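**Q** My questions are about this predicted structure, shown below with the sequence.
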Amino acid sequence: MEHFYRQEQTARSTANANQTDHGPKPYAVNIARAAQRNQNFRTALWTGCHLQMTLMCIPVCGEIGVEIHPDTDQFIRVEAGQAAVMMGPCKERMETRKNLCRGDGVFVPAGTWHNIVNSGNCPLRLSSIYAPPHHPRGTIHRTKEDADTMRL
């Protein structure tokens, strides 16, 4: 029953996603404003053949979670809030640590372990560019738990 519920939830997210992902056609947008309006943990804003932008909303004390993208470079920009980023060659050695605020960006080369934690007292708003695209076109993860479920 739980598996069916997840499939149904995924189907609903995919149905709504076509209204959100504006790629691959040309598209102009105020990214900061779009990030402020996004209430989902992750929303694919634009997906093309070689590039993707997602918007993220991380709750207070939340995080994106420790992750690695073996074949994808990533650029993450803080649109609102405060964050701490950790990066490194393996999960146990994420020795690069920086505090971030609005307007700061982080370049994450493919094969780099990383995590971003909301260190502020309001939701953290991020925009993220992946090259090549990392998530399926139209991805919407309402919560981190939804995103983690999709990885299984």
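**A** All right, it came through fine.
**Q** Next up, the contacts around the closest residue in space to residue 120 that isn't next to it in sequence.
**A** Closest residue to residue 120 apart from its sequence neighbours, by Cβ to Cβ, 6 or more residues apart in numbering: residue 82 at 3.5 Å. Glycine gets a C-beta too; all of them are placed from N, C-alpha and C. Applying Cβ atoms under 8 Å, 6 or more residues apart in numbering, we find residue 82 in contact with 99, 100, 101, 118, 119, 120, 124.
**Q** try it again with 6 Å
**A** 101, 119, 120 (Cβ atoms under 6 Å, 6 or more residues apart in numbering).
**Q** ok, so what distance separates it from residue 106?
**A** 13 Å (Cβ to Cβ, to the nearest Å).
**Q** So, low pLDDT: which residues of the protein?
**A** Counting by pLDDT under 70, the chain shows low-confidence ranges at 1-19, 152.
**Q** one step back: where does the residue nearest to residue 120 fall, phi/psi-wise?
**A** Dihedral pair for residue 82: phi -130, psi 150, per degrees, to the nearest 10.
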